[in-house]
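*Asks:* could you work out the structure for the sequence below:
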Amino acid sequence: MLPRRFLNLIVDSREPGVRSLRCMDLKRLQLFYPTTPPSPTTDGHRLAQAAVDAGNQKHKQAPELVMQSIRLPNPSFTFQASCSHGLSNRWSVSCFPLEERMVLCTDLGGRSFLYDGDKHEVVIMPNLHNPNKSTPISLFVPSEDSSGGGSLFLMESIPRPVNKCKIGHPSDDFEVLVYHKDRMTWHCHSQLFPPPPYVHEPSYWDKRSKISSYSVVSGGSLICVSFKDRGTYVLDTTRYLWDKVGDWALPFHGKVEYVPELKLWFGLSADAQHLVAADLSTMDSQPVLVGHWKKELCPPEEWIEFRDAQLVNLGSGRFCIARFFILDDQNFVVLTGVEVVPRLLNGNGKVKLEMTRHKSRRHTSVYKARIEEVF
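*Replies:* Numbers count the residues shown, from 1 in each chain. Presented below is the predicted three-dimensional model:
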């Protein structure tokens, strides 16, 4: 997989229902050192640290002072949701990333379009069966052939309970948009697929569960979703049938991505949300973490992390981790570049994965315009 050129940001605006796509050139952002990052004990680091410690006693921990601040690029595209009068005048637009700089946007009325940042093209999309998903997630599955097409699976992360008499019936909490690259067309799959079996269980009516982690496995033939208290399920992407693979949950939080260069799946840990890796090629038992590294960022105590971190696969074992903080009523995002490389252990021929932390960049929200999603 070739390294990415852009880091894409969905930015909320000062106006209700207005968002924009901002594409940051990774070469200009400079999240990565050209070679091995300098040691924290180098003279340059010691001098910078000494200057900070001597010049400002209020901030005894240096990261917020020595971390370079960044400005957002101009919007590549700005979109606005229509007011949905039938839904208490709510303004909302959901954004679902596909590949590179492609993003699907839909409002509560079901109106959808696809924006391609590389071609600067807008494609009108078919309306969704159920656009009013409260906490949706998405996974793009490329076609197994060489057509260049694929399917975008949209799922409600907290699906509605379903009566047992409707077992096997489709649900609009789960739907598919299919892309035919040869015809340059999209269509909303006429067949909705059934929800996972657990939504029929009586206990689910009393306590709903949220999808805790999800990924594409088996080369795209299966979608895997996991729940902390209900186990792990896979969906056959051709037959639209669910199968429970275990009562255990994946050791991840949020979206998990396959890195072909390392033949492993990477994501954020289920506990502290730091970078971890596991082999999901088989689901016979609960996957064991083969990579488990320290958190890439140690912020000062006064920095409050107020929402889940986000991980972006940049290719060739490189990642960007976005963390969202608040300090003195001011929101800001820290973007950190990390790299995972295999190292041969001395003499025994075994390989160990090592994570290297590169640079961090900070963006502070201005006039309520803040980063909502990174992909």
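
*Asks:* okay, now the unreliable bits of the stretch 201-350 of the chain?
*Replies:* Scanning the stretch 201-350 of the chain for pLDDT under 70 picks out 347.

*Asks:* show me where it has helices.
*Replies:* In the stretch 201-350 of the chain, the helices defined using DSSP state H, counting those that start in this stretch lie at 202-206.

*Asks:* swap in the stretch 51-200 of the chain?
*Replies:* 63-66.

*Asks:* for it, just list every one of the strands.
*Replies:* Using DSSP state E, counting those that start in this stretch, the strands of the stretch 51-200 of the chain run over 68-69, 77-80, 93-97, 102-107, 112-116, 121-125, 136-142, 150-156, 174-180, 185-188.

*Asks:* tell me which of those strands sits nearest to Pro300.
*Replies:* Nearest of those to Pro300, taken as C-beta to C-beta: strand 68-69 at 16.1 Å. (C-beta placed from N, C-alpha, C; glycine too.)

*Asks:* that closest one pairs with which strands?
*Replies:* Sheet pairing of strand 68-69 (DSSP bridges) gives strand 351-364 (parallel).

*Asks:* which element follows the strand it pairs with toward the C-terminus?
*Replies:* strand 370-374 (DSSP states H and E).

*Asks:* contact partners of that next one?
*Replies:* Outside of strand 370-374, the residues within contact range by C-beta atoms under 8 Å, 6 or more residues apart in numbering are 7-12, 19, 72, 95, 97, 310, 312, 320, 322, 324, 331, 333, 335, 363, 365.

*Asks:* before we move on, what about stretch 138-145?
*Replies:* Residues from elsewhere that reach stretch 138-145 (C-beta under 8 Å, 6+ apart): 96-99, 104, 148-155, 214-216, 219-221, 223, 237, 255.

*Asks:* distance between it and the chain's centre?
*Replies:* Here stretch 138-145 is found 16 Å from its chain centre; the criterion is C-alpha atoms, centre = their mean, to the nearest Å.

*Asks:* what comes up buried for it?
*Replies:* Residues of stretch 138-145 classed as buried by neighbour count (16 or more other C-beta atoms under 10 Å): Ser138, Leu139, Phe140, Val141, Pro142.

*Asks:* if we can go back for a sec, narrow the contacts of strand 370-374 to those in strands?
*Replies:* Among the contacts of strand 370-374, DSSP state E puts 7-12, 19, 95, 97, 310, 312, 320, 322, 324, 331, 333, 335, 363 in strands.

*Asks:* in CSV: the strands of the stretch 51-200 of the chain, plus distance to Leu345 and mean pLDDT.
*Replies:* Supplementary listing: the strands of the stretch 51-200 of the chain in CSV, determined by distance: least, C-beta to C-beta, whole Å; pLDDT from 0 to 100:
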stretch, distance to Leu345, mean pLDDT
strand 68-69, 35, 92
strand 77-80, 48, 83
strand 93-97, 37, 81
strand 102-107, 41, 82
strand 112-116, 44, 84
strand 121-125, 49, 83
strand 136-142, 35, 88
strand 150-156, 39, 87
strand 174-180, 44, 81
strand 185-188, 48, 74
